[in-house]
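Chemist: Kindly generate the corresponding structure for this input.
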Amino acid sequence: MRFTKILMLACIALFSLQTLAQTEKITNELVWYSREFSPDYVSGIRSMNDGKHYTSLKRVDGKMAVVKYAYKSGDEVGTVVSSEDIFTQGDRQIENYTFSKDEKQMLIATEVESIYRHSTKANYFVHNLEDGTTRPLADSEKGKQRLAEFSPDGTKVAFVRGNNLFVYELDTKQELQITIDGEMNKIINGATDWVYEEEFAIDKGFYWSPESDRIAFYKFDEGHVKEFQMALYNGLYPEQYKFKYPKAGERNSIVLIYIHDLNAETTKLVDSGEKTDIYYPRIKWTESNDGLAIMRMNRHQNHLEFLVTDLSKEQPFALSTSKFYDETSETYIEINDNLIFLEDGNGFLWNSMMDGYNHIYHFGMDGKVKKQLTKGEWDVIAFEGFDHDDETVYYTSAEVSPMEKHLYSADLKGKKKKLSEESGYNSATFSNTYDYYINYHTSASTPYHITLHNSKGKEIRVLEDNSALKGRLKKYDLSEKEFFSFENREVTSLNCWMIKPPNFDETKEYPVYVSIYGGPGSNTVKDSWGGSNYFYHQLLAQEGYIVVSCDPRGTMYRGREFNHSTYLQLGKLETQDFIDFAKYLGGQDYIDSERIGMQGWSYGGYMTSLAMTKGADYFKMGIAVAPVTNWRYYDTIYTERFMRTPQENADGYDDNSPINHVEKLEGAYLLVHGSADDNVHYQNSMEMINALVEANKEFDFFVYPNKNHGIYGGKTRWHLFNKMLEFTKANL
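Modeler: This is a model prediction of the structure:
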């Protein structure tokens, strides 16, 4: 009897401990500073030529090493090279690497420095895997190098230094300078300017021909582009950093394309037309050593042409081009890396919205459609690869739902197969031979589940299941993310999600925190793992807030009519949708309609600022981080894609700029910016402050010195989200 009583007491105690363990509180320190909620990931994988092995960077005995693995088994085959092998002195580490095409040599990058979003510079070394020797790519006293790349035959390396293009011959150890006029904030050779890097997502501006005897490269003349400057607070006197940034309606760089012939030692201009106020978002060699393909796009970005050279013909001066594809739109055309040339002159693959949805087409070299490979009222999201041997394209799409992303294959006859099985978000990286792919799957409630598959979709093994993270999450009382939809004033159904507080009581009224982005190119409502933001939302839920999000008109994966509906009027329809969303939420019995707040970053900060002004009757609190406050302050390529120029569309710019509506502000408004934001300039917040002060409106403001658009580093995010949390608790 006594034993039974003791056992019962032990069970009660154990249950109490388990209950206590499951109700630990989430804190901003756990979310933004510790690694408590960080998932394990499989990254940095480089497929080997045989398609059966891959390499990855791994720390071995305190030094970074390139380690080789077998796809099928996951076994470590051996170390390709270690930092200890290459750098016999100092603390240098392998930070990045690439193989030559024959995998006999490696380019090793160390002491890497970021420039902007994609661009970096580093000290490069050439490591010979056959004899084990290592040598610097260039004299480090001349400055770090950018974009170093082997020629296809492995005999040379091209790189950019000081805005000039160079070629290093590995046999002769000679450095050849291809251009001589490179100059900071004036001429760029072989790389791209700020706006191409940010909005066309390319910082590399040179391309080897298939036979390694020619290099095509961009030349940017920034001479007439106006400079933007920002103070960097690094010493007794702030440093003024200056760079060229073309704002909407202002002059862009003049861009020219050249081809350097290493055998003839000549550099010739490619004749791509007389217009200079034009874009060349991509250049790419075809399957032919004589054919350089050039994408040409007008400034409105609604007319796209593909041009090609024929270098087999003797051309003493400018190299002529001919057009092989032409596409127009009443709105705009998105640019990507999905142009794939087929072998034996069998045309090319490209995706287009010509039928109202983003789909993959097989074109002949005459520009005519040979076959539409995908079709339906859904969008292709991304190309994942093309197997030339099987003539099979692998892609992800929103066919199941705009909130999900699934992997498919399709051949040139249009026969397709769904490869991903689990609901949620899927993406893939393929081996060079397409024998294998690694699938990265998440859902709203599931961190990364990473698996290896064969090309038919059969799972071979699990690479990472994040069981450790799943175990840690059991300590916290996490609420389910619920997906739902509502109809706006135009009776258009909009996708949303909601996280309710633990122990939610439908008889009570709760305040609502609306987390949004709301702009082109990104959805917040998707069945995928939300990372740190997800846990911050769970923290808010534990504080008693209902957290919600909504994708308004103008967001992705619902076809051209929905996606392009905001054309020429960014902010107008989205604000209407968020006002309608607030009305819908306020109509729910369990929501306090007088306590609805909003928070967003970048475009989300723009939407928050509009909601707090044009929608002041519906939102009690708003937090705008790094917001655009007037599209006149933002760059040419992004802004004009959706708005045309201010000279053409002044009302479109002004009617939906928050600085022009500050007199309507009624609720609590927090404005946050990084002073070194090269993307959405600090100027946006300065002008917003001027307007608020002139309107005699109270607001809160915080600046993070020397922080860019991401506002991160050290304890910065922890500090920022503490500030946002305290502001929310005080005002919502």
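Chemist: Let me know the next secondary structure element after the lowest-mean-pLDDT helix or strand in the chain.
Modeler: Every helix and strand of the chain was ranked by mean pLDDT, DSSP states H and E. The lowest is helix 2-21, at a mean of 46. Sequence order places helix 28-32 as the next helix or strand after helix 2-21, per DSSP states H and E.
Chemist: Is the nearest residue to residue 373 once chain neighbours are set aside bridged to anything, and to what?
Modeler: Of all residues not flanking residue 373 in the chain, residue 360 sits nearest, at 4.4 Å (C-beta to C-beta, 6 or more residues apart in numbering). Yep, even glycine has a C-beta here, placed from its N, CA and C like the rest. Here residue 360 shows beta-bridge partners residue 351, assigned using DSSP bridges.
Chemist: domain ranges for the protein?
Modeler: 43-170, 178-328, 480-731 (automatic domain parsing).
Chemist: hmm, back to that, surely the residue nearest to residue 373 meets residue 392?
Modeler: No - look at residue 360 against residue 392 with C-beta atoms under 8 Å: they stay out of range, at 11.6 Å.
Chemist: between the two, who's got more neighbours?
Modeler: Legend: neighbour count by other C-beta atoms under 10 Å for residue 360 and residue 392, higher for residue 360 (24 against 18).
Chemist: so what sits against both of residue 360 and residue 392?
Modeler: Overlap of the contact sets of residue 360 and residue 392 (by C-beta atoms under 8 Å, 6 or more residues apart in numbering) consists of residue 410.
Chemist: can you map out the helices along the protein?
Modeler: Using DSSP state H, the helices found in the chain span residues 2-21, 28-32, 83-86, 194-199, 467-473, 531-542, 560-563, 572-586, 603-613, 636-643, 650-654, 683-694, 716-731.
Chemist: which of the domains of the chain is buried the deepest?
Modeler: Of all the domains of the chain, domain 480-731 has the most neighbours on average by mean count of other C-beta atoms under 10 Å, namely a mean of 20.
Chemist: Can you get me the start-to-end distance on that domain?
Modeler: End-to-end distance for domain 480-731: 26 Å, by C-alpha to C-alpha, to the nearest Å.
Chemist: tell me the mean pLDDT over that domain?
Modeler: Mean per-residue pLDDT for domain 480-731: 97.
Chemist: Likewise for stretch 128-144?
Modeler: On average, stretch 128-144 scores 92.
Chemist: can you dump the C-alpha coordinates of it into CSV?
Modeler: Output of stretch 128-144 as CSV, limited to C-alpha atoms (Å, rounded to 0.1, in the frame of the first residue of the first chain):
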residue,chain,number,x,y,z
ASN,A,128,46.9,22.2,-57.8
LEU,A,129,45.4,18.9,-56.7
GLU,A,130,47.9,16.8,-58.7
ASP,A,131,51.1,18.1,-57.2
GLY,A,132,49.7,19.7,-54.1
THR,A,133,51.2,23.2,-54.8
THR,A,134,49.5,26.4,-53.9
ARG,A,135,50.2,29.9,-55.2
PRO,A,136,48.5,33.3,-54.9
LEU,A,137,46.3,34.3,-57.8
ALA,A,138,47.7,37.8,-57.7
ASP,A,139,49.9,40.2,-55.8
SER,A,140,47.9,41.0,-52.6
GLU,A,141,49.5,44.4,-52.5
LYS,A,142,47.6,45.3,-55.6
GLY,A,143,44.3,44.7,-53.8
LYS,A,144,41.9,41.9,-53.3
